[in-house]
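Participant: sequence unknown, structure follows:
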């Protein structure tokens, strides 16, 4: 399976990204999430496949979420790795 994917960021939250299929664009993203993004900023378009490596997410999970829900929301990484004091 392959998905042509648009990736958006938001100016309001560093490290938060929204992955959607290029075909559907933002039409399947819930309204409350679009409001949180305010004005989504297109970062890039890429072809996702089982062999593609992503820096912060499992490509199979991303693809599954896009097919099932219409989007994948990547949250910023935690400030402190698990096990370290805050």
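Facilitator: Sure, I can see it. Everything numeric here is computed off the predicted structure, so don't read it as measured data.

Participant: any idea how far residue 73 lies from residue 32?
Facilitator: Distance, residue 73 to residue 32, by Cβ to Cβ, to the nearest Å: 12 Å. In short, each C-beta sits where N, CA and C put it, glycine included.

Participant: Between these two, tell me which one has more neighbours.
Facilitator: residue 73 (16 against 7; other Cβ atoms under 10 Å).

Participant: what's across from that one in the sheet?
Facilitator: residue 18 (DSSP bridges).

Participant: ok, which stretches of this structure are helices?
Facilitator: 31-37, 59-69 (DSSP state H).

Participant: Could you dump those helices into TSV and include mean pLDDT and distance to residue 10?
Facilitator: Converted to TSV, these look like this (pLDDT from 0 to 100; distance: least, Cβ to Cβ, whole Å):
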stretch	mean pLDDT	distance to residue 10
helix 31-37	89	4
helix 59-69	97	18
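
Participant: Point out the most buried one among these.
Facilitator: Burial of those is given as mean neighbour count (mean count of other Cβ atoms under 10 Å); helix 59-69 ranks first at a mean of 15.

Participant: Which elements pack onto that one?
Facilitator: Where contact means 3 or more Cβ pairs under 8 Å, 6 or more residues apart in numbering; DSSP states H and E, helix 59-69 is packed against strand 2-9, strand 17-21, strand 41-49, strand 72-74.

Participant: now the nearest residue to residue 44 once chain neighbours are set aside: how far from residue 52?
Facilitator: Closest residue in space to residue 44, ignoring its immediate chain neighbours: residue 7 at 5.2 Å, by Cβ to Cβ, 6 or more residues apart in numbering. Distance, residue 7 to residue 52, by Cβ to Cβ: 12 Å.
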